[in-house]
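**Student:** I would like the atomic coordinates for the input below:
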Amino acid sequence: MPEGAAAEVRATTEAYYDSSAADSFYAAIWGGEDIHIGIYDGTEEPIAAASARTVETMARELGALGPDARVLDIGAGYGGAGRALATRHGCRVDCLNLSEVQNERNRRLTDAAGLRDRVHVIHASFESIPGPAAAYDAVWSQDAILHSGDRQRVLSEVARVMRPGADFVFTDPMQTDDCPSDVLEPVLARIHLDSLASPGFYRRILGDLGFDEVGFTEMPHQLRTHYDRVRAELLGRRTDAETSTSHA
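**Tutor:** Numbering: from 1, shown residues only. Predicted coordinates:
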């Protein structure tokens, strides 16, 4: 994607996540800690519990992270993963995120958790990560890279800031390698993108950047379950609101 178009995608994404409607939605429905896809143990499980399980599952893929380790979370949202990692491992986490509205909520939650000395919030784009090369022992991302208009640049930046032997663990909604070009048009129009990345894209670009693939897990059923749960939560809250109004 040309730089002008990629910049437009960044601006659109930032404006959306900075909006009061988006912030209210994600804070209420996801519980204000995570705004990422959950891993569900059942179709009725609360969204917040499933979202926490995603963090736990991803964390098991990381190597040892002691108090001196530095982790970068790109597209960190409300910072739930960063706080979980800092609490579990004592590591330092930089939460890089484009939305300053989300960043302010992250700072408040981090202060409330007593983790200000371990979790640092950075307002920036993951297409241009501030800081020096080889600064991090691990890079983390949940359902964020899809929003970029220049995913190859994001991955190049990830490679630049990782120390030798560091881990990169991420999730991302993807299209299949053989997905017909018109199938995802309604979804792409909503998120103002030309395409989603695919497993083949990530394997090719990360391979060219010198990464070794350790594992890859497909979970399309979790995506369906997650949005079924979001829909059920929204309908339930609407019913509660209508009931409260009728009794007023």
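**Student:** flag every buried residue along the helix or strand where Val139 lies.
**Tutor:** Val139 belongs to strand 136-142 when elements are defined using DSSP states H and E. The neighbour-count check on strand 136-142 (16 or more other CB atoms under 10 Å) flags 136-142 as buried. In short, each C-beta sits where N, CA and C put it, glycine included.
**Student:** again with stretch 81-95
**Tutor:** Buried-residue list, stretch 81-95, by 16+ other CB under 10 Å: 81-86, 89, 91-95.
**Student:** got JSON lines for the residues you listed, with secondary structure too?
**Tutor:** As requested, those are arranged in JSON lines below (DSSP: H, G, I helix; E, B strand; the rest coil):
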{"residue": "Ala81", "secondary structure": "helix"}
{"residue": "Gly82", "secondary structure": "helix"}
{"residue": "Arg83", "secondary structure": "helix"}
{"residue": "Ala84", "secondary structure": "helix"}
{"residue": "Leu85", "secondary structure": "helix"}
{"residue": "Ala86", "secondary structure": "helix"}
{"residue": "His89", "secondary structure": "helix"}
{"residue": "Cys91", "secondary structure": "coil"}
{"residue": "Arg92", "secondary structure": "strand"}
{"residue": "Val93", "secondary structure": "strand"}
{"residue": "Asp94", "secondary structure": "strand"}
{"residue": "Cys95", "secondary structure": "strand"}
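**Student:** quick one on the thing from earlier: ok now the strand holding Val139, how far from the chain's centre?
**Tutor:** Using CA atoms, centre = their mean, to the nearest Å, the mean C-alpha position of strand 136-142 is found 11 Å from that of the whole chain.
**Student:** downstream of it, the next helix or strand is which one?
**Tutor:** Counting by DSSP H and E, the element after strand 136-142 in chain order, helix or strand, is helix 151-161.
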